[in-house]
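**Q** What follows is a predicted structure for the sequence shown.
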Amino acid sequence: MSRRIDAHHHLWDLSRRPQPWMDGPWADPIARTVTTADLLPHLDAHGIGATVVVQSSSSYDETRELLALAGASDRIAGVVGWADLTDPDLPAVLAALAAGPGGDRLVGLRHQVQDEPDPDWLGRADVRRGLADTADAGLVYDLLVTPRELPAAITAVRELPGVRFVLDHAAKPPIASGERAPWTGLLTQLAALPNVDCKLSGLVTEADWETWKPEQVLPYARHVLEAFGPERVLFGSDWPVCELAATYADVVTLADRATAGLTTDERMSIFGTNAARAYALGT
């Protein structure tokens, strides 16, 4: 595996559907349609040959559209889509998605667990069944959680060793406040489990958007690397959400600084090989 991979970005078309989480003026900088064509200059500028696009709304229509976009692009190697984990017919739903346009690019599922009122949502029996169905379909499950939901995530990952998980945005540590606990300890507990990887992504938007400095973010990034090791960390830009606080180039530079002490092979793992393995990308 020689290509650099951005393991986490988004695409959305606001003329087709709104993104419900864009619920105030804070979202104005990213409240626009973003396309593959908009992304390509960033990829080219940083030598990134392949990507994983990730769902941003709880919508089968969006998932099908992302699959179609991936099927029409030589740069989008994988799609982490959305599906209702609590649906008893989930296996049939996933089979239908895989059979549709671009269906061979479906590599994982994600749900906005952070928005669920119940912090133990991942412990529900119907959710656990859906996670098992996800693994049976050969897919990875992306965990979108905050420190509030991390205990339930740890339990789910431990009790479902046959499911492959990827933690998004390092579980959103409280960088803006400078706090480390309980995030540090919980992340270490999660990293002790072998069936989970972690994305080095989304950290700039957990810092103060206007005043953040690399020195405030790097200790959190380095804890991710220490906990998971370079063999289980995946670089992701979280573009265009990152633009709330930083440019694509800023995010790449920050990741470069966080990994500067690693070997060339370790850096290549984080910037490509690990994503290809975690998502079984055909790149």
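**A** Sure, I can see it.
**Q** can you give me the helices for the stretch 101-250 of the chain?
**A** Taking DSSP state H, counting those that start in this stretch, the helices of the stretch 101-250 of the chain run over residues 125-136, 150-159, 183-191, 214-228, 248-258.
**Q** Output the ones you listed in CSV; the columns should cover mean neighbour count.
**A** Bear in mind the C-beta positions are built from the backbone N, C-alpha and C, glycine included. Conversion of these to CSV gives the following (neighbours: other Cβ atoms under 10 Å):
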stretch, mean neighbour count
helix 125-136, 17
helix 150-159, 20
helix 183-191, 19
helix 214-228, 18
helix 248-258, 19
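**Q** Tabulate those helices (JSON lines), appending distance to residue 76.
**A** Listed next are those as JSON lines, based on distance: least, Cβ to Cβ, whole Å:
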{"stretch": "helix 125-136", "distance to residue 76": "20"}
{"stretch": "helix 150-159", "distance to residue 76": "27"}
{"stretch": "helix 183-191", "distance to residue 76": "28"}
{"stretch": "helix 214-228", "distance to residue 76": "25"}
{"stretch": "helix 248-258", "distance to residue 76": "16"}
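**Q** Relative to residue 207, which of those is closest?
**A** Closest approach to residue 207 among those (Cβ to Cβ): helix 214-228, 5.5 Å.
**Q** contact partners of that closest one?
**A** With Cβ atoms under 8 Å, 6 or more residues apart in numbering as the test, helix 214-228 has contacts from 170, 173, 175, 178, 180, 184, 187-188, 190-191, 197-198, 200, 203-204, 206-208, 233, 253-255, 257-259, 262.
**Q** quick one: average confidence on it?
**A** Average pLDDT, helix 214-228: 98.
**Q** again with stretch 156-166
**A** Averaging pLDDT along stretch 156-166 yields 98.
**Q** Grab the most central residue of this protein for me.
**A** residue 168 (4.0 Å; Cα atoms, centre = their mean).
**Q** Which residue comes closest to it once chain neighbours are left out?
**A** Spatial nearest neighbour of residue 168, excluding adjacent residues (Cβ to Cβ, 6 or more residues apart in numbering): residue 144 at 4.9 Å.
**Q** Next up, the contacts around the one you found.
**A** Residue 144 is in contact with 110, 111, 112, 113, 114, 168, 169, counting by Cβ under 8 Å, 6+ apart.
**Q** That one and residue 82: what is the separation?
**A** Distance, residue 144 to residue 82, using Cβ to Cβ, to the nearest Å: 11 Å.
**Q** and what of residue 140?
**A** Residue 140 is 14 Å from residue 82, by Cβ to Cβ.
**Q** and of the helices of the stretch 101-250 of the chain, who's closest to residue 118?
**A** Proximity to residue 118, assessed across these by Cβ to Cβ, is greatest for helix 150-159 (8.7 Å).
**Q** Could I have the CA atoms of that closest one written out in PDB?
**A** Written as PDB, here are the backbone C-alpha positions of helix 150-159 (Å, rounded to 0.1, in the frame of the first residue of the first chain):
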ATOM      1  CA  LEU A 150     -17.100   6.200  25.900                       C
ATOM      2  CA  PRO A 151     -17.900   3.800  28.700                       C
ATOM      3  CA  ALA A 152     -20.700   2.200  26.700                       C
ATOM      4  CA  ALA A 153     -18.400   2.100  23.700                       C
ATOM      5  CA  ILE A 154     -15.700   0.300  25.700                       C
ATOM      6  CA  THR A 155     -18.200  -2.200  26.900                       C
ATOM      7  CA  ALA A 156     -19.600  -2.800  23.300                       C
ATOM      8  CA  VAL A 157     -16.100  -3.200  21.800                       C
ATOM      9  CA  ARG A 158     -15.100  -5.600  24.600                       C
ATOM     10  CA  GLU A 159     -18.300  -7.700  24.400                       C
END
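**Q** Please enumerate residues in contact with that helix?
**A** Applying Cβ under 8 Å, 6+ apart, the external contacts of helix 150-159 come out as 113, 119-123, 128, 131, 143, 145, 163, 165, 167, 171, 182-183, 186-187, 189-190, 193, 195-196.
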